[in-house]
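Turn this into a model:
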Amino acid sequence: MENSRIEKTRRLSFVERWGSAEETSASLRITLYAVILFCVALAAALVKVSLNPQPIYYIPSAQEAGIAYPNRIDKTAICGFASNWLINRNNFTPSTVKDTYSRIMRYMSPELLSMTKSGLEEEIVRVERDNISSLFSLKKEPEFVESNSDYKVILTGEKVLYMGKEKVDARTLRYTITLKKVPAVEVNPYGLAIAGVKQEEAETR
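Numbers count the residues shown, from 1 in each chain. Just a heads-up that it's a prediction; the model follows:
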């Protein structure tokens with residue numbers, strides 16, 4: 001009789017443990033499914049972010065902030081790029097002309113550089129030999145023109161040439177700078193290149 005009660009108690013204990021194991025197993029399955037769903041949602045979110053890059057913030061000037069979107073260059077940034085390039089191009093002394101021209105060549109397209117490199121090298125020699133200095137400043141806000149294949153920025157400014165300390169020339173010039181998009185690299189992180197430069201004397205009133 002005693003053995004029968006012990007056996008019955010064992011059976012009941014086994015059934016309780018079995019039921020508890022079933023409950024634990026069900027809870028683990030639910031947890032596993034939840035983790036799988038979370039991972040799938042996370043993977044989908046990562047794919048979406050990678051395919052649709054988020055806009056990045058930049059500061060084109062000390063007074064103005066803006067938003068830059070992937071694969072789209074704001075016209076303010078393009079005008080700033082062209083303006084900085086031209087100002088660097090036209091401000092030099094005999095001691096700085098080599099470094100100045102080395103910097104501007106970095107942002108010129110291969111086609112433009114091949115056409116103008118020999119002329120730039122001759123200009124360096126002439127500047128150093130004749131002790132020529134150049135000062136340039138913009139007189140107007142840049143004018144921006146966009147087409148399907150490139151960008152054009154029209155810049156007007158005053159260029160003054162000195163030979164030693166003597167002022168030899170002063171003119172108001174208008175430059176039409178053509179820019180094109182190129183892959184951004186470490187040497188040129190802007191993704192822009194100077195593809196053409198047209199200089200003409202501006203009318204003064």
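
Do a quick rundown of the strands in the protein.
56-58, 66-68, 132-138, 143-146, 151-163, 166-181, 192-201 (DSSP state E).

For L42, which of those strands is the nearest?
In terms of CB to CB, the element of the strands of the chain nearest to L42 is strand 56-58, at 22.9 Å. Heads up, the C-betas are built off the backbone N, CA and C, glycines and all.

related to what we said a few turns ago, between the strands of the chain, which one is nearest to L112?
Between the strands of the chain, strand 192-201 lies closest to L112; by CB to CB that is 5.8 Å.

Let me see the residues that make contact with the closest one.
The contact list for strand 192-201 (CB atoms under 8 Å, 6 or more residues apart in numbering) reads 73, 78, 81-82, 85, 104, 107-109, 111-112, 150-151, 171-182.

again with stretch 102-110
The contact list for stretch 102-110, computed with CB under 8 Å, 6+ apart, reads 81, 85, 88-89, 113, 116-117, 120, 180, 182, 187-188, 190, 192-195.

So, low pLDDT: which residues of this protein?
Applying pLDDT under 70 to the chain flags the ranges 1-24, 26, 49-72, 204-205.

Try it again at 90.
Judged by pLDDT under 90, the chain has its weakly predicted residues at 1-78, 145-150, 165, 181-191, 202-205.

which stretches of it form helices?
For the chain, applying DSSP state H gives helices covering 2-51, 75-90, 97-106, 110-130.
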